[in-house]
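Engineer: Structure for the following, please:
(2 chains)
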Amino acid sequence: NAGVTQTPKFRILKIGQSMTLQCTQDMNHNYMYWYRQDPGMGLKLIYYSVGAGITDKGEVPNGYNVSRSTTEDFPLRLELAAPSQTSVYFCASSYSDRPNYGYTFGSGTRLTVV
Amino acid sequence: QKEVEQNSGPLSVPEGAIASLNCTYSDRGSQSFFWYRQYSGKSPELIMFIYSNGDKEDGRFTAQLNKASQYVSLLIRDSQPSDSATYLCAPRRGDSNYQLIWGAGTKLIIKP
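Structural biologist: Below is the predicted model:
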């Protein structure tokens, strides 16, 4: 049982390049999330999904896009990378919206835009 | 006012002592509360959750909740150097059950 798998672990992008951060979970969780975490800061929600085919914006969606074609996969697309997108990106999933269910996180992707 | 307030620290505690981590939140509709631990360079991992007023114990960890005061805390007994990490408080939103609201975390350092 791998849990939540993120790839790549590290990436350096040049300004204006694009890339996709991959996230896969094998726990049959309906809910999935993308967060970014800047140094010394809390987690900021970029996008989330409550099931296949359903996505919605979080608090910092600009410059990003997502899709959810299957329950397992929730890729995050960065278009026209900017230095402000340098951050650590975490994907998370949750089985339910019941009060006692927390999130399971992937190991993160450390992205640097130069 | 931030939705979730935590003292950023660092909080320095001697090994074997009790570490007390505090969190206040603004959403009166929040019904469940989560504590995550995040080691430097790693992803957050769930320690425990609480949804009833009072105390909840799990091993060396005790979560305390006071909804009237909008206050939640985490106590770590017999602190070990391996407890050194950042602790994130995360209430679940009252208006949409599937989202957690994240505090910026308190950095805890356990001194041997």
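Engineer: Now for residue A:62, how many residues are close by?
Structural biologist: Neighbours of residue A:62 under the rule other CB atoms under 10 Å in any protein chain shown: 9. (Each C-beta comes from the backbone N, C-alpha and C, glycine too.)
Engineer: Could I get the contacting residues of the residue nearest to the spatial centre of chain A?
Structural biologist: Geometric centre of chain A, nearest residue: residue A:34, 2.8 Å, by CA atoms, centre = their mean. Residues in contact with residue A:34, defined by CB atoms under 8 Å, 6 or more residues apart in numbering or on different chains, are A:21, A:23, A:45-48, A:58, A:64, A:66, A:74, A:76, A:89-91.
Engineer: hmm, 6 Å instead?
Structural biologist: Residue A:34 sits next to A:46-47, A:76, A:91 when contact means CB atoms under 6 Å, 6 or more residues apart in numbering or on different chains.
Engineer: of those residues, closest to chain B?
Structural biologist: Using CB to the nearest CB, residue A:91 is the member of the contacts of residue A:34 that lies nearest chain B, at 9.2 Å.
Engineer: Show me which residues of chain A sit near chain B.
Structural biologist: Contact residues (CB under 6 Å from any CB of the partner chain) of chain A with chain B: A:31, A:41-43, A:90, A:97, A:99-100, A:102, A:105, A:107-108.
Engineer: Now a ChimeraX select for only the buried ones of those.
Structural biologist: Buried subset of those, written as a ChimeraX selection, criterion 16 or more other CB atoms under 10 Å in any protein chain shown:
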select /A:31,42,43,90,102,105,108
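Engineer: before we move on, the earlier item: and the closest residue to the residue nearest to the centre of chain A other than its chain neighbours, what is it in contact with?
Structural biologist: The shortest distance from residue A:34 to any non-neighbouring residue, by CB to CB, 6 or more residues apart in numbering or on different chains, is to residue A:46 (4.3 Å). Applying CB under 6 Å, 6+ apart, we find residue A:46 in contact with A:34, A:36, A:58, A:60-61, A:64.
Engineer: Between those residues, identify the one with the most neighbours.
Structural biologist: residue A:34 (27 neighbours).
Engineer: Sticking with that one, tell me its helix or strand.
Structural biologist: Element membership of residue A:34, judged by DSSP states H and E, is strand A:31-37.
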